[in-house]
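Chemist: Predicted model, plus sequence, below.
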Amino acid sequence: MKRPAAVAGRWYPDDAKRLAWDVDRYLAEATPDAPSRRLRALIAPHAGLIYSGPVAAFAYRQLQGASCKAVVLVGPSHFVPFSGVSVSTAEEWETPMGPIRVDTSLAEAIRAACPVVIDLPDAHRREHSLEMQLPFVARVLPGVPIVPLVMGHQTRGTAFALGEALAHVLQNDPNDPNDPNDPNDPNDPNDPNVLLIASSDLSHYENAITAARMDAVVIRHIDGFDDAGLMDTLEQDPRHACGGGPIVSVLHAARRLGANEARVVRYADSGAVSGDKTSVVGYLAAGIW
């Protein structure tokens, strides 16, 4: 079973050569500091490629030349309200650059480890939050399979339950559950090296000054590796980030897996492209290691 592309030709080019050219251009223009050690996770935005692509490239640029066994994508549900997290049961996700395989064994291990993870295909059918990551994944990590997870209601219980489950599963290679590997040891030949990616935009449709003030709160929590503080902020005002719950889950899982540093490497808003600063959407790119 394949999950067809939902927003190709609208949110990003549906022509493989044009799409690759755009992604490569954004990556070439992104110049983040090279991470001193292997990335455990990324945070990247998911708006239309011309708006969020220049920022997302700063996250993915850190991966160029890296190897990876699988990518776990966690994004918000924009269209289907539900409780929990839906894991895609499709075997492939179609993209203009060819299908991307789903790591079904890892997906099943995550589902089995977490009661809030369910099978709800409707949550994936129209959703763009994960699909907008795929042009970069396909270009920077060609051939690497994915595990797509869409979060419904972004409650504290759901966000932290998913984070705990991801950490539990990724501490043990599902193909070798007795392997106590160290995810931060680059010399460990059994290191599963599964990358976590949280997909989120920030504040929506505020003027640029208000947006920058709201977005600075999220940036401060990420730079402080403060998943609990970010969850507190989101409970007070969820407008700070449409994918705040996925960010909390990924930060929490990364910490449990041994990561101890997070850094926002790029921030911008949609007005940088549109020229309209009266109503913007905020974007950030971050690395976690």
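Modeler: Ah, there it is.
Chemist: and the next element down the chain from the helix or strand containing residue 86?
Modeler: Per DSSP states H and E, residue 86 falls inside strand 85-87. Downstream of strand 85-87, the next assigned helix or strand under DSSP H and E is strand 92-93.
Chemist: So what are the sheet partners of the helix or strand just after that following strand and their directions?
Modeler: Reading on from strand 92-93 to the C-terminus, the next helix or strand found by DSSP H and E is strand 100-101. Partners of strand 100-101 in the sheet, by DSSP bridges, are strand 92-93 (antiparallel).
Chemist: quick check, distance from the partner strand to the centre of its chain.
Modeler: Distance of strand 92-93 from its chain centroid, counting by Cα atoms, centre = their mean, to the nearest Å, is 17 Å.
Chemist: about what we covered before: name every strand pairing with the strand holding residue 86 and say which way it goes.
Modeler: strand 117-118 (parallel), strand 146-151 (antiparallel).
Chemist: Okay, strands next: where are they in the chain?
Modeler: Assigned by DSSP state E, the chain shows strands spanning 2-3, 41-44, 70-76, 85-87, 92-93, 100-101, 117-118, 146-151, 194-199, 204-206, 262-269, 280-288.
Chemist: Just send those back as a markdown table, with mean neighbour count and distance to residue 170 too.
Modeler: Quick note: C-beta positions are derived from backbone N, CA and C, even for glycine. Listed next are these as a markdown table, based on neighbours: other Cβ atoms under 10 Å; distance: least, Cβ to Cβ, whole Å:
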| stretch | mean neighbour count | distance to residue 170 |
| --- | --- | --- |
| strand 2-3 | 16 | 23 |
| strand 41-44 | 28 | 10 |
| strand 70-76 | 26 | 8 |
| strand 85-87 | 26 | 15 |
| strand 92-93 | 20 | 21 |
| strand 100-101 | 18 | 18 |
| strand 117-118 | 19 | 14 |
| strand 146-151 | 27 | 10 |
| strand 194-199 | 27 | 5 |
| strand 204-206 | 16 | 31 |
| strand 262-269 | 20 | 17 |
| strand 280-288 | 26 | 13 |
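Chemist: want to throw the ones you listed into JSON lines with distance to residue 165?
Modeler: Shown next, in JSON lines, are those (distance: least, Cβ to Cβ, whole Å):
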{"stretch": "strand 2-3", "distance to residue 165": "22"}
{"stretch": "strand 41-44", "distance to residue 165": "15"}
{"stretch": "strand 70-76", "distance to residue 165": "11"}
{"stretch": "strand 85-87", "distance to residue 165": "9"}
{"stretch": "strand 92-93", "distance to residue 165": "22"}
{"stretch": "strand 100-101", "distance to residue 165": "22"}
{"stretch": "strand 117-118", "distance to residue 165": "7"}
{"stretch": "strand 146-151", "distance to residue 165": "10"}
{"stretch": "strand 194-199", "distance to residue 165": "12"}
{"stretch": "strand 204-206", "distance to residue 165": "29"}
{"stretch": "strand 262-269", "distance to residue 165": "20"}
{"stretch": "strand 280-288", "distance to residue 165": "18"}
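Chemist: Residue 218: which of those strands is closest?
Modeler: For the strands of the chain, proximity to residue 218 was assessed by Cβ to Cβ; strand 280-288 is nearest, at 7.2 Å.
Chemist: okay, the angle between the closest one and strand 262-269?
Modeler: 160 degrees (axes from the mean of the first three to the mean of the last three Cα atoms, to 10 degrees).
Chemist: Next, format the strands of the chain as JSON lines and append distance to residue 19 and mean pLDDT.
Modeler: JSON lines is the format used below for the strands of the chain (distance: least, Cβ to Cβ, whole Å; pLDDT from 0 to 100):
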{"stretch": "strand 2-3", "distance to residue 19": "18", "mean pLDDT": "96"}
{"stretch": "strand 41-44", "distance to residue 19": "16", "mean pLDDT": "98"}
{"stretch": "strand 70-76", "distance to residue 19": "18", "mean pLDDT": "98"}
{"stretch": "strand 85-87", "distance to residue 19": "26", "mean pLDDT": "98"}
{"stretch": "strand 92-93", "distance to residue 19": "15", "mean pLDDT": "98"}
{"stretch": "strand 100-101", "distance to residue 19": "13", "mean pLDDT": "98"}
{"stretch": "strand 117-118", "distance to residue 19": "30", "mean pLDDT": "98"}
{"stretch": "strand 146-151", "distance to residue 19": "17", "mean pLDDT": "98"}
{"stretch": "strand 194-199", "distance to residue 19": "18", "mean pLDDT": "98"}
{"stretch": "strand 204-206", "distance to residue 19": "25", "mean pLDDT": "96"}
{"stretch": "strand 262-269", "distance to residue 19": "21", "mean pLDDT": "97"}
{"stretch": "strand 280-288", "distance to residue 19": "19", "mean pLDDT": "97"}
